[in-house]
Each structure stands twice: as structure tokens, then as C-alpha cells.
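Novice: Give me coordinates for this.
(one chain, ligands or ions: 1)
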Amino acid sequence: MSEPRDDLIDTLSVEQLLQLHLKSELPCLWTIRDSHIHGRGLFATRDIEQGEVIFRDETLVIGPRSGTSSDPVCVGCLSNSSPLSPCSKNCALPVCSSQCENSVQHSWECSFLRDHCTVENTKDGVSLDLVRTVTPIRCLQMSRLKRTIVRALETREFPICEVDVLKRYLHKKLPAEDDKFLRLCCGTLDTNAYAGTGHGKGLIFRGLYALSAMMNHSCTPNTTYWFDEANRMVVKAARTIGKEEEILSTYTSLLWGTATRRSFLSNTKEFLCRCARCKDPTEFDTNLSAIYCKTKPCGGILLPGNPLDIKSDWLCSSKIKEHKMGAQKAFQLLNIWSKVAQMLTENEDLQQIQMFLKGIPENSQSGIQIRKYFVLQSKGQITDMTDEILLFKEQSCYKLLDLIKRLKLGRNYLKGLILQELFHLLHEKSKRSQVQVDQDQVDSIKTEFEKILKFDVTPQESG
Ligand SMILES: C[S@@+](CC[C@H](N)C(=O)[O-])C[C@H]1O[C@@H](n2cnc3c(N)ncnc32)[C@H](O)[C@@H]1O
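Specialist: Just a heads-up that it's a prediction; the model follows:
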């Protein structure tokens, strides 16, 4: 379908622009309206069943992530699974093959950077600074329709703008109009982009998705999303969504405690969530943020007195007034635990992990962080795992599933991944111990994870 005339584009509403951009063959289940949460939001035009695909979103732009901490990816295929080398045309960006080097995706920015920048003293011929600027630079290639959509999205200025990073390398001034549009794109990406990983191919990217950018955030979202083979964002209903209900997404990890989620949102998106989960110190009785009260002989747990007030004291479940901790100290403790958990997962030393878990409350987020790692990312094949690790992994699956249920996350994508792992490990367990597993349970696990992980929409042929 060709784009409409420029003068027509200017007369369209945001909703019309998005429909034009998506060219979707799916029935339109959404509309854009004012939200009581913030600005505009996406609303259901009819009841949407749990598991139903609500929309499949096309990228406005896609490229490497902007963070300095992530490992570089190939700028062509956005994967880190093959060894990278600098582009032979000396643009100082990493690629994994000549195919990626000569891809349409990379060729434009390659000549842009060679034409505008001087890059010296790079590490191994690659400039990590310039990698960060690639996604915004790609916005300069946008069509009139895409530029109009970008201008219609919410944007804010963040302290670090990739244009300023780019400027350190420029020997040629950018036209004022490009400079202005690039700055707008940086703010729009920071406000709206989703970070993606995908397809078991080591893909790590940042994509700006036009319709998804209309979804406000909730820490118990009613949707879940994944990226299909063409990097389109598939958004499904995690729970039943009633007609007129707001369609909500999440911008954080759902298994973090409230303090961590809120500080992440405040630092990266510059807003503070006030959803029902954030308001409840126990987070629906999960006690994800809990710390043991060390006032002897108490044995209670400490939780934030008012989770919406970052400075409020943490109070003890014993209700003894003197048993409390200042917020700053509680945050420090959670941070230390999180770092220890990270270290322990890297070493995969089960004995040390078990000791650590004994010292923190049952569902504490650092323990959950370790369990999630063991379920989804632990090194090696399931068949090579010791019985102890297999058992720990199984227990962790049940713990995480229980948490997801209590947090009311519905048919969340993470739940699908955990069930899939549980299915494989029950199979392995039955092989090892020659113990008959409950076949009905295994079958129902399989049915459930296949339902969640299956894409009801077959990706369209491109072109
Ligand atoms: C992707 S946009 C969402 C759509 C936006 N409401 C609009 O009108 O275009 C993200 C921005 O919406 C706002 N926002 C989203 N969820 C929020 C929430 N739960 N509480 C407060 N602000 C929120 C924040 O300003 C955030 O930077």
C-alpha cells in the first residue's frame, strides 16, 4: 500500500495515522482515549478474551540498545550470538558478517557516519559511543508518515541525549532540521521504546512501536507481549479485558519489588507508578520487598510503611512500634542482596545459594532473581544437570508460578516460559528416577504453555 499524500497525512487523527501505519488485517480491538492514569491511553472496543491477540505492532525504528552496560550487538542483525568485527568500510560499527555489513539496514548509517564523523582511538576498531547513536540516526530515514507519528507521541527530554554523544565525533555540522528531529527522536525513544530480546538467537534491540507507545504502564498489566520473527511486537490479553477497559502494559520487570520498580521507572521514564500493587506494602501478600526484622527476638518482617513515599520508614509485621528501619538503610540492604544474588547466580554454587536463601524472607526479590535465573538461563543442558540442581530448578518453577498467580499476572509470557521449562524437567526427572510422573499434570502443563507461547497470528510474508 502506498503512503497517502503529504497534505492528507497532516489532516489525520493519531488513531487514523496508527491504523495506516499498521495496515493490520486483524479486527481493530482498540481505540485511543484520555486516560485517568496519564494523558492518552489505549482502550478495548469490545470484551477481549484471555490469550487473544489484541494487535501486532510494526516498528517505527529498530536498532541497538542505548545503554553503556549491554554487550555490543551486530548492527545488521542485532544479535550477539556470532563474533563481531568492525565494518570494513571504517564506520566504527560492529557487524557479524559481510551480509550484515552490506544490509540495507546498515548501509545508510554506514555512509552517514563516514560522511559526518571522525573516529579515532577506538577499542578494536569499534566505537561503543557510535553504537549508541545508531537507533536515533536511523530515524532520519523515516517516511513522512512515520515522522508524523513520531511527532504525535509523548516525548520528554532526558539528561543524556545521543545527539550530544554523536556531536563529539562530528566534523560536519548537521542541518538544523535534522538536529532538531534527532533530538526529538532521542526523547521519544527514551519515553516509548521497548527493549526486545528474541527468538533464541541472542537478539537484543530497542524498538519504537507506534501503537504500543499508546499503552500506559501498570505493575499488574492486563497484557503480555513478545516479538515475532519480523521483530513485530505481538500484544496479547494476559487476562480477560472488558469493553472500555484500559489496555495496559508494563515497562519494568514484573518480579521486582515495589521499591525497585518505582526507582527504575523514576530513573528511566521519569514517573512514579501509583497502581494498586504499588500502594500495597505486601504486594498482594507476596512480600516481595520484605526484609527480616533484626530486633531480637522478633522474627517478623519489615515492609515499607507507605510504599508510595520513598522516605517512609519500613515497619515490622510484629506491629511493635520500635521495630523499624529507615528507608535509606532498607534500600541499601536490598541493593546489597541484589548484588550478592547476581554474584551467586554467576557462580551457580548451589550450596552458597541455599545458605543465602535461608538468610532472606521466602519471596524476597533477590531470591526470586536467583530462581528466575536457574529456571530460564542456567548454563548447560538439562540432561547434564545434577539431581540437586534439577530439584532446585523444579522447586523454583513452582515458586515463580505461585508468585505470578498471586501477583495476578494471568497468562503472562513469563509464565509460559516457566511452564515450558517445568515440562522438560519433569520429563527428565521421570527418565532419571524411573519414577512415574503424574501424566495428567504433565499434559496440562504442556497444553497451558503451548497456549501461552503460541502466536495466534502467523507472521505475514514481508514485501
Ligand atoms: C508510552 S507513553 C504512554 C502513552 C501516554 N500516556 C500518551 O499520552 O502518549 C509513556 C509515558 O506515559 C506516562 N505514563 C505511563 N504510565 C504511567 C503511569 N502508570 N503513571 C504515570 N504516568 C504514566 C509517562 O509519562 C510515560 O513517560
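Novice: do stretch 185-205 and the ligand meet?
Specialist: Yes: using CB under 6 Å from any ligand atom, stretch 185-205 reaches the ligand at 191, 192. (Each C-beta comes from the backbone N, C-alpha and C, glycine too.)
Novice: ugh, wrong one, stretch 306-316
Specialist: No: shown here: stretch 306-316 not in contact with the ligand (CB under 6 Å from any ligand atom), separated by at least 11.7 Å.
Novice: for that stretch, how far is the first residue from the last?
Specialist: Distance between the two ends of stretch 306-316: 13 Å, counting by CA to CA, to the nearest Å.
Novice: Tell me the buried residues in that stretch?
Specialist: For stretch 306-316, burial by neighbour count (16 or more other CB atoms under 10 Å) applies to 307, 312, 313, 314, 315, 316.
Novice: Stretch 404-421 too?
Specialist: Residues of stretch 404-421 classed as buried by neighbour count (16+ other CB under 10 Å): 404, 406-407, 409-421.
Novice: can you list the domains in the protein?
Specialist: For the chain, the structural domains run 6-59+208-249, 62-202, going by automatic domain parsing.
Novice: centre of the chain versus stretch 185-203, how much separation?
Specialist: In terms of CA atoms, centre = their mean, to the nearest Å, the centre of stretch 185-203 is found 8 Å from the chain centre.
Novice: Same check on stretch 302-311?
Specialist: So, by CA atoms, centre = their mean, the centroid of stretch 302-311 is 25 Å from its chain's centroid.
Novice: now swap in stretch 73-81 and tell me
Specialist: Per CA atoms, centre = their mean, the centroid offset for stretch 73-81 relative to its chain is 18 Å.
Novice: what do you get for stretch 23-32?
Specialist: 23 Å.
Novice: Only the buried residues of that stretch, if you could.
Specialist: 24, 29, 30.
Novice: residues in the stretch 151-300 of the chain within reach of the ligand, list them.
Specialist: Proximity of the stretch 151-300 of the chain to the ligand, by CB under 6 Å from any ligand atom, involves residues 154, 191, 192, 213, 214, 216, 217, 269, 271, 273.
Novice: mind running it again at 5 Å?
Specialist: Applying CB under 5 Å from any ligand atom, we find that the stretch 151-300 of the chain lies next to the ligand at 154, 191, 192, 213, 216, 217, 269, 271, 273.
Novice: if we can go back for a sec, nearest to residue 378 among the buried residues of stretch 404-421?
Specialist: Of all the buried residues of stretch 404-421, residue 378 sits closest to residue 421, with 9.7 Å by CB to CB.
Novice: Can you spell out which helices and strands pack onto the helix or strand hosting the closest one?
Specialist: Element membership for residue 421, per DSSP states H and E: helix 413-433. Applying 3 or more CB pairs under 8 Å, 6 or more residues apart in numbering; DSSP states H and E, one finds that helix 413-433 contacts strand 223-227, helix 365-376, helix 387-406, helix 439-453.
Novice: Doesn't residue 41 lie inside a helix?
Specialist: No: per DSSP: H, G, I helix; E, B strand; the rest coil, residue 41 lies outside any helix segment and is strand.
Novice: what's the burial count for the nearest residue to it once chain neighbours are set aside?
Specialist: Among residues not flanking residue 41 along the chain, residue 35 sits closest, at 3.1 Å (CB to CB, 6 or more residues apart in numbering). Here the count is done by other CB atoms under 10 Å, and residue 35 has 16 residues near it.
Novice: Give me the pLDDT value at residue 35.
Specialist: For residue 35, the pLDDT comes out at 98.
Novice: ok, it - contacts?
Specialist: Shown in contact with residue 35 (CB atoms under 8 Å, 6 or more residues apart in numbering): 41, 43, 216, 246.
Novice: Repeat the analysis, applying 10 Å as the threshold.
Specialist: With contacts defined as CB atoms under 10 Å, 6 or more residues apart in numbering, the neighbours of residue 35 are 41, 42, 43, 214, 215, 216, 246, 248.
Novice: any idea how far it is from residue 368?
Specialist: In this view, residue 35 and residue 368 are 30 Å apart by CB to CB, to the nearest Å.
Novice: My read is that residue 280 contacts residue 406, right?
Specialist: No: contact between residue 280 and residue 406 fails when scored by CB atoms under 10 Å: they sit 11.4 Å apart.
Novice: overlap in contacts of these two?
Specialist: Shared between the contact lists of residue 280 and residue 406 (criterion: CB under 10 Å, 6+ apart) are residues residue 286.
Novice: Widest-spaced pair of the buried residues of stretch 306-316?
Specialist: Spatial extent of the buried residues of stretch 306-316 (CB to CB) is set by the pair 307 and 316 at 15.4 Å.
Novice: Residue 178 reaches residue 141, doesn't it?
Specialist: No: look at residue 178 against residue 141 with CB under 10 Å: they stay out of range, at 11.1 Å.
Novice: roughly how far out does the helix or strand where residue 356 lies sit from the chain middle?
Specialist: Residue 356 is part of helix 350-358, with elements assigned from DSSP H and E. Helix 350-358 has its C-alpha centroid displaced from the chain centroid by 28 Å (CA atoms, centre = their mean).
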